[in-house]
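Chemist: Everything below, folded, please.
(one chain, ligands or ions: 1)
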Amino acid sequence: MTYFFETYGCQMNKAESASLEQLLTARGWAASDSAETANLIVINTCSVRATAESRIHGRLGWYTALRKQRGSAKDGGFTLVVTGCMAERLQEDLKKQFAVVDYVVGTFQKEHFQDIMDAIQDNRTLEAIDEEPVYTFAPLSLEKGAFQAFVPIMHGCNNFCSYCIVPYVRGREISRSPKEILEELDQLSAHGVKEITLLGQNVNSYAWKETDDTGTERVLDFPWLMQTIATHLKKTNSSIGWVRFMSSHPKDISSQLIDVIAKERVLCRHIHLPVQHGSTKVLTEMNRKYSREDYLAKVDMIRKKLPDVSLTTDILIGFPGETEEDFDQTVSLMEKVGYETAYMYYYNPREGTKACTMPNQIPMEIKKKRLGKIIDLQQKITHTEINKRVGTVAQVLVESVSRDNKSELLGRTEQDERVVFSCPENLIGSFVKVQLKELSGNTFRGELCPGN
Ligand code: SF4
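Modeler: Residues are numbered from 1 along each chain as shown. I've put the predicted structure just below:
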């Protein structure tokens, strides 16, 4: 039996698809190079933007044509499963709209993949899934020889930013037990993994509740978890040398967390801190739960405690009601913070969210113009910021052979910057010290330090 995955959207989806693949391979299934030959096709969907859903609609149209050629599983063709956020949002409507879809598995029904696999292997059809939906964290997934891994630690979102569909499709925040997380880190270390990224929609809103013998409840928060992980990795002499996390919410960045990062070298000095906008008025309309001033105060606190940190962000431009003055506030905030990189996008109304029906939607040509301006600005800021590191020595995790020059290798610094340099291929997957010599675009050219 063979399978084929199409995965869209965030790292959480990628981690969940990898975990499902692992379930399949454990049952003797093999990956297929093409949907045209696979017995099982899984589309793991994203609902964050309307364009992501349109793309998946297009794919389902293509699978409808493929079904005509190949037939369904009982005729020797294929089974099509749609999972992820779009499955959660549309549920059985997806099947009504696209008859080619055999199973819709929502965010809280992933446990039922085992039942679907059983049904396919027995050549029968599974009846509708009607059990109480629950969220289960995907078990560990790791390709053979992999040295980087994602570790989901929480799921869902309680924030309801007015433009975002995530809380509706991923549900409320659920944290994973510390015991389970540490066990997973031990398994990853047994595989020689060097770098992990803790994942969650609001990773730093992690909150695990436990009750002690006296019946007293306490909440274990993200700084506690980071400290516990750092101590555990040291104590177990783990292979894991870098711990990253994403995505964080600025409201939950605390000085305790930054103190832990400053103290523990295993925790990377790179923080992705999505600001979304520079105007307090727009941030309030977005329901981001912080003001421009709160955000800048956190940036100051971080930079004081972690002078070598790199900060990256997300910026959403063209939100309903955004004036030229609001836009200028974003420009000035970007200049003030000096992000190393930023993911910038313009607002697209998302059906089912509050912002979708807000008055004063911004015309497309203005949104595009404003976006173009901040992209140009960020390019200059990126160059200035990373240029400051030329001449320094960085610890680098060697990732792969460079795509542009096969005689060089590509690695990443702790601050998540790209470096190319000459180095023996057998060092892929190792930490090395590299002198950052010069910049080529936004990539450093480096030289391996002696003694690696
Ligand atoms: S914090 Fe806001 S943007 Fe992030 S997932 Fe939650 S609602 Fe969406």
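
Chemist: Which stretches in the stretch 251-400 of the chain count as helices?
Modeler: Per DSSP state H, counting those that start in this stretch, the stretch 251-400 of the chain carries helices over the ranges 255-263, 280-286, 292-305, 324-337, 364-387.

Chemist: Would you mark the buried spots in the first one?
Modeler: Within helix 255-263, the residues scored as buried using 16 or more other C-beta atoms under 10 Å are 257, 258, 260, 261, 262. In short, each C-beta sits where N, CA and C put it, glycine included.

Chemist: Residue 23 contacts residue 116, correct?
Modeler: No. Assessed by C-beta atoms under 8 Å, residue 23 is found out of contact with residue 116, at 10.4 Å.

Chemist: Compare those two (neighbour count), which wins?
Modeler: residue 116 (21 against 17; other C-beta atoms under 10 Å).

Chemist: Give me the distance between the more buried one and the ligand.
Modeler: 28 Å (C-beta to the nearest ligand atom, to the nearest Å).

Chemist: Next, the contact list for that residue, please.
Modeler: Residue 116 makes contacts with 79, 81, 103, 105, 126, as judged by C-beta atoms under 8 Å, 6 or more residues apart in numbering.

Chemist: Now for the second one: which residues touch it?
Modeler: Just to be clear, that refers to residue 81. 40, 41, 42, 43, 101, 102, 103, 104, 105, 113, 116.

Chemist: Swap in 7 Å and give it another go.
Modeler: 40, 42, 102, 103, 105, 116 (C-beta atoms under 7 Å, 6 or more residues apart in numbering).

Chemist: next one: residue 246
Modeler: Neighbours of residue 246 in contact, by C-beta under 7 Å, 6+ apart: 197, 199, 203, 272.

Chemist: Deepest in the core, which of the helices of the stretch 251-400 of the chain is it.
Modeler: helix 280-286 (a mean of 20; mean count of other C-beta atoms under 10 Å).

Chemist: For the closest residue to residue 292 other than its chain neighbours, report the pLDDT, please.
Modeler: In this structure, residue 292 finds its nearest non-sequential neighbour in residue 280, 4.7 Å apart by C-beta to C-beta, 6 or more residues apart in numbering. Residue 280 carries a pLDDT value of 98.

Chemist: What of the one 4 residues further on?
Modeler: Confidence per residue is given as pLDDT, and for residue 284 that number is 98.

Chemist: got it, and residue 171?
Modeler: For residue 171, the model assigns a pLDDT of 88.

Chemist: so it touches residue 157, yeah?
Modeler: No. Residue 171 is beyond contact range of residue 157, at 8.2 Å (criterion: C-beta atoms under 7 Å).

Chemist: so how many other residues sit close to residue 318?
Modeler: So residue 318, with other C-beta under 10 Å, has 20 neighbours.

Chemist: And it, what's its pLDDT?
Modeler: Note for residue 318: predicted pLDDT of 98.

Chemist: again with the one 5 residues further on
Modeler: Among the per-residue scores, residue 323 shows a pLDDT of 98.

Chemist: ok, and which of the buried residues of helix 255-263 reach the ligand?
Modeler: Residues of the buried residues of helix 255-263 in contact with the ligand (C-beta under 6 Å from any ligand atom): none.

Chemist: so where is the protein shaky, pLDDT-wise?
Modeler: Across the chain, the ranges flagged by pLDDT under 70 are 128-144.

Chemist: What parts of it come near the ligand?
Modeler: Contact residues, the chain versus the ligand (C-beta under 6 Å from any ligand atom): 157, 159, 160, 161, 164, 166, 167, 201, 202, 249.

Chemist: Does the fourth one lie in a helix or a strand, and which?
Modeler: Secondary structure here is read from DSSP states H and E; on that basis residue 161 sits in neither a helix nor a strand.

Chemist: need the contact list for it.
Modeler: 286, 287, 288.

Chemist: rerun at 8 Å
Modeler: By C-beta under 8 Å, 6+ apart, residue 161 lies in contact with 276, 286, 287, 288.

Chemist: Repeat that for the fifth one.
Modeler: By C-beta under 8 Å, 6+ apart, the contact set of residue 164 is 48, 157, 350, 353.

Chemist: and the gap between the first one and residue 26?
Modeler: Which is residue 48. 30 Å (C-beta to C-beta, to the nearest Å).
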